[in-house]
Structure formats: structure tokens, C-alpha cells
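In: below are the sequence and a predicted model for it; my questions follow.
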Amino acid sequence: MRISKEDKERILQAAEGKLLEVIESETSLTKRGASFKGKCPSCEEDKGFEYAPAKNIFKCFKCGFGGNSPVDFYMKLGKTYPETLQLLAHQFNIFIEQEDEIQPAKKTAKNNYCKQLLQQSGLTESDVQAKVFLQDENKTTTVGRVFRSGTINSRAEIIDGNDVIIEYYNLEGSPVMYEQYHKGKPTGKMKEYFRVRWQFPQEHLDKEGKPFKYRSPSGSGSFIYIPQRIREVYQAGTEIPRLFIQEGEKKAEKACKHGIPSVAISGIHNIASNGRLHEDLVNLISRCKVKELVLLFDADWNDISSNLGINDLADQRPRNFFYAAKNFKEYANQLKNSRNIYLELYIGNVQKNENNDKGIDDLLANTLKGNEDDLKNDIDYLINERSLTGKYLQLHKITTISDGKLLELWSLHNASEFAKRHRDILQELPEFRIGKHRWRFNASGEIESAQPIEADEKFWEEIERADRSGNVRTEYRFRYERCFRFLQNRGFSRFQKPDGEYDYILTEHPFVKTVYKTDDIRDFVKDFTREIANEEVLEMLHRGGPQFLGPEKLSNLVKTIPALEDPQRDRQMFYFSENYWEVKKDSIEEHTYSEISHQIWEDQRHDIPARRTDRLITVTHDEENNVFNYTLSKAGQTCHFLQFLINTSNFTWRKEKHGEEIPEEELEENRAHLISKLCGIGYMMMSAKDRSVSRALVAMDGKQSEVGLSNGRSGKSIIGEMFKQVLPAISINGKYKDIDADNFLWDEMTVKTKIVFIDDVRTNFPFEFLFANITGDWSVNYKGNRRATFPFHRSPKIYITTNHALNGEGSSYNDRQWKIAFSDYYNDSHKPVDDFGVLFFDDWDFEQWNLLWNLLAECVQLYLRFGVVQSPSERIENRQLRQSMGEDFLAWAEEYFSSAEKLNVRIPRKEIYDNFVEYAPEQRRYTGATIFKKKIQKYCHWKGLIFNPHKFDPTTGDPMFFDKDGRPDYDDKSGGIEYFMLGSIEQYAAVAEKLNIEIPFIPNDDKPF
């Protein structure tokens, strides 16, 4: 939305002198003497906010929120300048005509957007064709359309549509190819490179929620776009004295059409690949004997955003162009040594004009339509002018220019010069950021620091001394205490970590940022000095260096304890770039940072403007039958991660694939597995900890396999990677053999760590060594003889993945685990990318990231509703039984008890044991009499048999024998010999019914697809 200059003046005039009225619209004030005091509308501190009418200023003495105008007030509450004007207009009843930016209307598919796009630049489809070299026996060439109608699906596959597909061909006329990567590793698979130009960019948002016009295949890198006219010149070996590089394929095509040799890059930072100019560009320069190389920017090359907030960097956009020019110069100059190629280098831009032509294609299609040769003539003219200024273009020769001089092109060398250059926009703001500092225009229209240095902060002292000749000179002396006060007043302080060491922090309410290097603090002081003091003061700082602002001296900074959030067990906060969510059992509320009263680590804020969607999944619970049901919304059906969790909870997918009817109880089991995962994720996302629910989330395969054989690839680690994306986490290699003996295992843990991800633990992982960490305080030995203890309520939670079951029995083990089981829907031959067409996290756009955050919020709600929901236990118990028995024992028992003669009869234990060790001699040293008896009992559980059934009443099924303490005694001993009997359910029906024993479901998951 745009507001006219006239309306803006009316609004500001109406608000003039109304600061108190504006403040009272946001908070209640009470008159105390000559001032008004009340609750701070920024940090919500009940005391500390004050408005002084005599000085017409407001300030909070806790968070520093302050200013002297209605515009100051709203913008420092986080509003943009246009939003501030709207609020003031509404408050003072000023009607404004909104000049909304015109969005392109959607057109029906029969309108060819590709043709329209080309026509806007004065191009036809025949202008953008390529002679394509086919990879066949006859080496056939054909004419291909470089720009054509089409679009891409979620797998980045080209399909029919009304966007624009732009194909790339190299200098020889062959399609440009790129190698696909998976998890950062090359796969050897080559695919053709292309770009898609969206017709409606506002429907395609990046991770930060911003519309983007173009997209290329994920992980494909960037390439040089070569128009057919350039390709023909290259193949003929014709010289190109001057070559232009432009951002955008259309611009290069249009320039070539009118005799200005050009190639294109996909973005101003895509001039190079792997630290050097693209090889096709170098070959073109070499073969066509290019002498002058020009990187041409659009007419807005030096503009700043007109919608800046006071926390936005005003110089960010121009600085991006500076770095693009700097990299261009450095990469091109490398050719002197590597290829013996000498070039004259220029950067340039389209001159602004009355028609608002942005790029060279706009200039040729609009202002110069019918007179296109004028541009070529203008270039030939300006290249011989000392100023390199033409009517339509401006060039700057940068071959040997220093970086400092290059900065001056954008006035980035000096904050004052930069502010004056962009006065029209910046003077409207109460303050603005250039680099690391805040500035403002005062009432006289002069630039000044928005954080002026006070007398007691002036960290240098000027001392005048006269020599013997009477000449007076000024000496400068560093004042330590004043410098520390200067830094502390700007948010710098020290924070004591649990190990007793200190970190430096920078607090800008509500965010607390860790400053890892003293160099950064020293640079802050020097940068500030450059803007407010003379060069002699800066020289003093250079000479002093670490002596003035080294670790030893900075240890004198004040020690502070950030007012961090105190986690609550009935809610969880999610922090995003523009707002934060408060998640409760029955609600998800969005808040602005102006409402926040506590502080948060800067790392906790995620760089995404998350937005609430419709609820993704609605879960109901039949408490009487303990059955879960759920329904998905349309948004839920499009959420990749939710569908992934549904798939990993699907243990009946083979039956579905073959069209078999699936019993309702098996579908109920699938649903229970899903809800267990969702609640488990919600539990992990909660910052608050509860001693009554102190568990590690343990993900294991639900598929049965031999102990020691790893199924894997079922998706367990993807949940761990998700935790690493959304929470501060550390990863531990679970295969580490002596994991419980490593004194420095937790060396990477900090006060910010929320998740410890122990991935792929080995068979016989010693889970008990985590007991104290799960249910109590967490002690950490750091390298360097440091030690820390993280209190239970501030210590991280644990996520473990395993292809096996964790060893251990009894409540001590069970009460510390939240087990979730994964089907083998995903496996070695079928991966999530096969279903969704993109790699999780790396390839996601804004929509999927936004859906993930909505899902995580709903997971927290499910946990707050249902608490701990364990996965159906049968599969997990069977896996644990199999692992505790061991494969050798299981193979022997299956064979030994396969004969009916061995069931329902008393057999001496020694006879059975001897048969076992004869079958597996190496097990004698590991399996004594007691362990062997336990394995026999577990085998009975595994097979649905009854151990020593004759010790029960055959009619009632009750135990018949008891020890002296009144506990059932199932042992069968007589004459110094112990006997075992394994009874079948059929033979001892009453006992089986009493003990609730039935033939167990042992899934045969190893059958082929």
C-alpha cells in the first residue's frame, strides 16, 4: 500500500503535539508530579515507563524504549512506516486514498503467458530459439524453443502449465546438465538444467515467506545463459570486443537482438561457480577475444527499500550490489594468472528515466522502441567519456579500483554520506540502522547518532600539551571505565555459564545474542568511532588493540542474568521473525514482540514469518475402548511431514498395495502409532520439564528381524533431523563403542541446548547410563578441566534412534522410555523423496516450512491433551523379547520345541540346557543356568506357551504353590533336579485364560513386495 505525499503531510500535521494521546491509546498513564508514568507498552514492565511533557519525550528505563514523536512511538513498537501512518490516520480521523500496488489479474490458461512475457520485452518466440545438438548417431541439430509454456510439479518435473520454462544450452548447443546430489553427496545422475518463471510469484513463497519469480531444480547450482546469437558468434570464432553480463535471460536476448553482445546470470551473486567464473563464460571470453567485460545492473541498483522498519538494515540492498561487484572484479582478475587473459572490467546501470524503465529490455522495448540503435551508439559514446556517463547507461571502470573506492559508488564508506544520499526515505523514520549503528535526522535536517555518546561514555580524553617551542599538540588517552559504560549502555555485558566461564552477550530487547569473539566488540567500538570522532582517536584504538579491549579488559563488563522465559507446563512458545505463538491445550495465539515481557536467545527466533493455517489434524479418543481416530483437513493433506508420519505408522501398507481387506483392529493400531509419534514430538517440543514424565523418546523399527541385522532407512533419523532444524540440538553417534565411558561425550552441550539426538545406537546400547540425565540434573565434563551441572528443569531432552530394541527390563527402564515404532514403508528401495519429490528441509519452500510449524504446534496441543501415548506394545515387546533371547537361542528353541513330544511334558533342565550348548557351544560362557531359565520363560511369552503349567490349578487357572512370603512359586524341583514344562494353550486352556495368554501376533515382515 502507498500513501500519497499530501496525505502523509496531513497525517503528520494532525498527530503533531499529540504524543500523550497516542501513548494513552496503548497504555494507561498516571500523572506523577510533572511527568506521566505507567506500564511500558513494549516490555510490559509495570514500573519504569515515563512521559515528560516539558521535554516531550517518553522512555522506559528497563528496556530502553523511547522517543519524542508519535511516529517514534509506533515504529519502536515494531510497526513499519506505512503501518504507522495508517494507525495515526485512523486515530485522528484522517481519510486517506490508498494507492495499492496493482497485482496482475489471473488469466485463464488459454492466454499464453510465455508469449506475453516475451512481448513485454519486445521479443518473439523466433527471437529466443536455439539450435540444439542432439546426442544421436547422426549428430543431428534441431531448432528448440528456449522459452516455452509449462510449469513444474512438487517433484520439480516439467508438466503442462501456463508458467514459463527457460531451457539452457552450452556453447556447443548441448543441454546444460547438472549432477543430482543426495544428502550432500553426488549420485552420478545427470539431469538437464532449466529455470521456471512463475506467472504469479505471490503464490510461490520462499522459506522466509517472500514471493520469488524464478525457480531452478534444487541443488542444481547456477549456470550462464547463452543466447543463440552469442553461440553462433562463438562457434564462428568471431571477436567480441565488449561483452555484457546481465541479470535475466530476457535482457540478454533483447540486448543481443539489437547488437549488444550479452550473456545472462540468474542473480547478481551467481557470476561464478566453485570460486571462479563459469567455464562457459571463460571459454567465450578466450575464443572471442573479449577485451572489455561489463556487469550491468538495473536502474534500481542504488535504491533502498521504501518500507523499512527501524530494525531493518537500511544499507543491506546496496551492500548486496557492492559485494556482487567486488566478487565480479576478483573473479575476473583471476584470469590474469590462470589463463593469461587481461580484461578491462566495468560495472554499470541503466539510467533512470521518465518511463521508469528498469532493465535494458524495458529500455529498448519502451523508451527506445523504434530507435533501438540509439543504445548501441550511446555505449560507443560513453566509453570514450571520462565520466563514462551516457544518456541511457552509466558505467564505472573497476579493473584496478580498491574496495574502499568501490564502496563509495554506493556511499557505503560513510554513514553520513549514505544517509544524505537516501534522505527522502530515511528522514521519515525516527531512526534507522546503517551497519552496526543507529542514526537519525534531527529537527535541523542533520544526520546524528540515535545513540549519542554521553559525557560519561566518552572513552577518550583529549590532553593538550605544549612543547618547548610553545607549540600546542593534542594527545589522546583511553578511558577504560567510560568505555565499559559506553558498551553496557548499548547492551553489551557478560553472562556466566554453568561451567563458571563467561560469554559476552548483546541485549536488544527482547533478543539476547551471544558475542563469541572479543574482536566483534572491539570492531563495534572502532566502527562507532569512525562515525563520531577524528582519525587520531581511531589511531589510538588501533595502537591499543587488545590492550584496551582484549579478553582481560572486557572481563570488567558488568555481569547480567537475562530475564529469560520461565517455561510453563501448560504452554509452549514458538518464536518467528515477525511474531511469536503461544500454544496451549485449546488455543494457539499469535502475539507481536511488542507484547513480550521476557527475553529470548536470538537463536530461538526462526527466520520465517509463520502464519496459522486451518487445523491440520483433528484427533478424537474413545476412552472406554482406548481407540484413537483422526481426520485431516485439506491443509493437513498437503503437509509433507504429517504424511510422512502417517506413512511410517502404516504397518498394513503391503495389504493395501495388494488390495487385501484390512481388519479394523490393525487400522486402529496404525492410528495409535501415529498419535504416539505426534504426542512424542509435542513432548520433545515442550521447554518445560515434568519429573513425573521424564522420558527419552526412543524410535525403533517395528519390523521384526534377526538381532544384529539392521533394517534401517525407515525414517527414524528424519525426526531427529527435524528436531535439529527447529531446536538447538547436538548429535551423538550412537555407534560409538565406549559411549558410556567417554568423559567428554556432552562437550558440545550449552545452556541453549534443548535436544540431544543419539542416532543409530548399537546393539546392547547401555541405556542405564542415561538414567540420571533423564530424571535428574545433568552433569557435564568439558574439555579443559571444566565442569557444569544443568538443573533438571533446564537440561535437554533425549531422542534415540535404534534398529534394535534397547536392553533392560523393569520399571526403571520402561518409565524412562517413550517408545515409538516405525513401519518399513520407507526402506532401502523406497525413500520419502520418492513420495514427495523433494528432499526434506533443504528443498522445502515457505508452504512446507509453515505447515511444519503448524504441525508442531498441534503436536504440543495433542501432548497437553493426551500426555504419554505409548505405541502399541506388541511389536515392540516382540522385538525386545527376540533381542534379549538372542538369535542362537531362538534358532535352537524353534527347532527343539517344534516336536509335539517336547510340549506338555516334564523335561530335566539339564537335559534341555545340554542340548542347547551342544547346538551353540560358544553360548556356554554367556548363558548360565539362571539366564537360560529366563530365556526359556521369554520364549514361552514369545510363542504363547505356558511355563510350568502343572503348577496351576487346571480348573481355575490359579497358582497352587506359594513360597514363605506368600508369592506364587512356579519352580518344579524334586530329588535335586529341576524340571521345565512348556504347556500349550490347547492343553491348559483354563490356565491360559487366567493368565491372558494367547498365540501372539509375530508379523512376517520379511516377505517380498
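Out: Perfect, thanks for sending it.
In: centroid residue for the protein?
Out: Nearest to the centroid of the C-alpha atoms of the chain, with distances taken as CA atoms, centre = their mean, sits Gln725, at 5.3 Å.
In: thinking that one is in contact with Phe840, fair?
Out: No. Counting by CB atoms under 8 Å, Gln725 sits too far from Phe840 to count as a contact (9.0 Å). The way it works is simple: take the backbone N, C-alpha and C, and place the C-beta from them, glycine included.
In: what about the chain, any weak spots by pLDDT?
Out: Across the chain, residues meeting the criterion (pLDDT under 70) sit at 1-2, 97-111, 134-141, 182-184, 703-712, 873-880, 990-992, 994-1009.
In: about what we covered before: for the residue nearest to the centre of the chain, what are its contacts?
Out: By CB atoms under 8 Å, 6 or more residues apart in numbering, the contact set of Gln725 is Phe841.
In: from the chain's centroid, how far away is the helix or strand that it is a member of?
Out: Per DSSP states H and E: Gln725 is located in helix 716-726. Distance, stretch centre to chain centre, for helix 716-726: 11 Å (CA atoms, centre = their mean, to the nearest Å).
In: ok, now stretch 820-838?
Out: For stretch 820-838, the distance to the chain centre is 22 Å (CA atoms, centre = their mean).
In: any idea how far Ile588 is from Asp614?
Out: As judged by CB to CB, to the nearest Å, Asp614 and Ile588 stand 12 Å apart.
In: okay, now Tyr926: neighbour count?
Out: 11 (other CB atoms under 10 Å).
In: which residues does the closest residue to Phe723 other than its chain neighbours contact?
Out: For Phe723, ignoring the flanking residues on the chain, the nearest one in space by CB to CB, 6 or more residues apart in numbering is Ile755 at 4.7 Å. By CB under 8 Å, 6+ apart, the contact set of Ile755 is 684, 723-724, 727-730, 796-799.
In: which of these are buried, as a ChimeraX select command?
Out: Restricted to buried positions by 16 or more other CB atoms under 10 Å, the ChimeraX selection for the contacts of Ile755 reads:
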select :684,723,727,728,729,730,796,797,798,799
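In: which residues are in contact with the longest strand anywhere in the chain?
Out: If you go by DSSP state E, the chain has its longest strand at strand 158-167. Contacts to strand 158-167, defined as CB under 8 Å, 6+ apart, come from residues 107, 109, 111-114, 117, 130, 144-153, 175, 192, 194-199, 225, 249.
In: mark which of these are buried, thanks.
Out: 113-114, 117, 130, 144, 146-147, 149-152, 175, 194-199, 225, 249.
In: now, which of these lie within strands?
Out: Using DSSP E, those in strands are 130, 144, 147, 149-152, 194-197.
In: one step back: what does the residue nearest to Phe723 show for phi and psi?
Out: The phi and psi torsions at Ile755 (degrees, to the nearest 10) take the values phi -130, psi 130.
In: can you name the residues bridging to it?
Out: Ala729, Lys797 (DSSP bridges).
In: show me the strands in the stretch 651-800 of the chain, by range?
Out: Using DSSP state E, counting those that start in this stretch, the strands of the stretch 651-800 of the chain run over 696-701, 729-733, 755-761, 778-782, 786-790, 797-802.
In: which among those strands is found nearest to Phe418?
Out: strand 729-733 (39.7 Å; CB to CB).
In: just checking, what packs against that closest one?
Out: Using 3 or more CB pairs under 8 Å, 6 or more residues apart in numbering; DSSP states H and E, the elements in contact with strand 729-733 are helix 716-726, strand 755-761.
In: buried set for the longest one?
Out: Right, helix 716-726. Those would be 716-720, 722-723, 726, for helix 716-726 by 16+ other CB under 10 Å.
In: stretch 293-312 too?
Out: 293-299, 301-302, 304, 308-310.
In: centre of the chain to it, how far?
Out: 26 Å.
In: and the end-to-end length of it?
Out: Using CA to CA, to the nearest Å, one end of stretch 293-312 lies 34 Å from the other.
In: ok, now stretch 415-429?
Out: 15 Å.
In: next one: stretch 19-37
Out: Stretch 19-37 end-to-end distance (CA to CA) = 14 Å.
In: any residues touching it, and which ones?
Out: Residues outside stretch 19-37 that contact it (CB under 8 Å, 6+ apart) are 15, 38-41, 47, 49-54, 56, 58, 68-70, 73-74, 77, 88, 91.
In: among these, name the buried ones.
Out: 15, 38-41, 49-51, 58, 68-70, 73-74, 77, 88, 91.
In: out of those residues, which sit inside helices?
Out: Among the buried ones among the contacts of stretch 19-37, the residues falling in helices (DSSP state H) are 15, 70, 73-74, 88, 91.
In: and which of the residues you listed is nearest to His658?
Out: Out of those, the member with the shortest distance to His658 (by CB to CB) is Tyr74, at 63.7 Å.
In: the closest one is in contact with Thr84, isn't it?
Out: Yes. In this structure, Tyr74 is within contact of Thr84 by CB under 8 Å, at 4.1 Å.
In: picking that back up, nearest to Leu678, out of the strands of the stretch 651-800 of the chain?
Out: strand 696-701 (11.9 Å).
In: and the angle for that closest one with helix 716-726?
Out: 140 degrees (axes from the mean of the first three to the mean of the last three CA atoms, to 10 degrees).
In: and strand 696-701, how far out from the chain middle?
Out: For strand 696-701, the distance to the chain centre is 24 Å (CA atoms, centre = their mean).
In: Gln637 against Gln643, yeah?
Out: Yes. Counting by CB under 8 Å, Gln637 sits close enough to Gln643 to count as a contact (7.4 Å).
In: just want to know which of those two has more residues nearby.
Out: Taking other CB under 10 Å, Gln637 and Gln643 do not tie; Gln643 has more neighbours (16 against 12).
In: in the stretch 801-950 of the chain, which spans are strands?
Out: Counting by DSSP E, counting those that start in this stretch, the strands of the stretch 801-950 of the chain are 817-822, 907-908, 946-947.
In: out of those, deepest packed?
Out: strand 817-822 (a mean of 26; mean count of other CB atoms under 10 Å).
In: in terms of secondary structure, what does that one contact?
Out: Using 3+ CB pairs under 8 Å, 6+ apart, strand 817-822 sits against helix 664-685, strand 696-701, helix 873-885.
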